[in-house]
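Undergrad: Structure of the sequence below:
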Amino acid sequence: MAKIEDEGPGAAPPRRGRPRSIETTNAILESAYALMAATGLAATTIDAVARRSDVSKMTIYKWWPSREALLIDAFLYHAAQMLPLPPESSGTPAARARRHAAAYAEALQGEFGKVQLAVISECISRTGSAELFYARYLQFRRNALVEMIAAGQSDGSILAEGSPEDLYDAIYGSLFYRYVFGIAPITPAYARNLADLVLRPKV
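TA: All right, here's what the predicted structure looks like:
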């Protein structure tokens, strides 16, 4: 089982006091995600998560600054297992980007996509923006994939000349935009073709 620390700094920030138990942390995150997927965000209260994970509410409040932070970290925990960042050993940067985009497109069609959209909506409704989601989840993953694209530009396997950030946003922004507004079906094949169109991999 993947652990929360595997995915990087998106997890809840460390606090002073007694170190948290990894097993307890993962149980809380698994319970929160399962509740979001099964019953929706409205029913995913701190009380419900505490009951399902068999921990005290005080423990959850001690480790997460807000309910929104817990929901995002639960989504991050699940994403780390369902959509792991592609390792360098798995091919060229362009090939890795193509596979990851395809996996993201496939994930959007299931509960993963619904939970992601619900968590973002919750952040916006509570705070007025999705900044918290970006800071705790998206920033780390975006930075990692931007670095991968930049590496491909440096070694010549990616021919696109735009900034790595813009290229990343062109791929994943397009996929998310089409998903949110239901413009057209998003398939892994479409995502692979989009990645090739944007990145222009060297043949």
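
Undergrad: Now do S21 against K62, distance only.
TA: With distances taken as C-beta to C-beta, to the nearest Å, S21 is found 12 Å from K62. The C-beta positions use only the backbone N, C-alpha and C, and glycine is treated the same way.

Undergrad: Now A184: closest residue in space that isn't a chain neighbour?
TA: Spatially, and ignoring its direct neighbours in sequence, A184 is nearest to R178 (5.9 Å; C-beta to C-beta, 6 or more residues apart in numbering).

Undergrad: Now do the end-to-end distance for stretch 49-64.
TA: 13 Å (C-alpha to C-alpha, to the nearest Å).

Undergrad: so where's the chain shaky on pLDDT?
TA: Applying pLDDT under 70 to the chain flags residues 1-20.

Undergrad: what does the domain assignment say about it?
TA: Per automatic domain parsing, the structural domains of the chain span 4-78, 88-199.

Undergrad: Same list (the ones you listed) but as JSON lines, adding mean neighbour count.
TA: Shown next, in JSON lines, are the domains of the chain (neighbours: other C-beta atoms under 10 Å):
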{"stretch": "domain 4-78", "mean neighbour count": "17"}
{"stretch": "domain 88-199", "mean neighbour count": "17"}
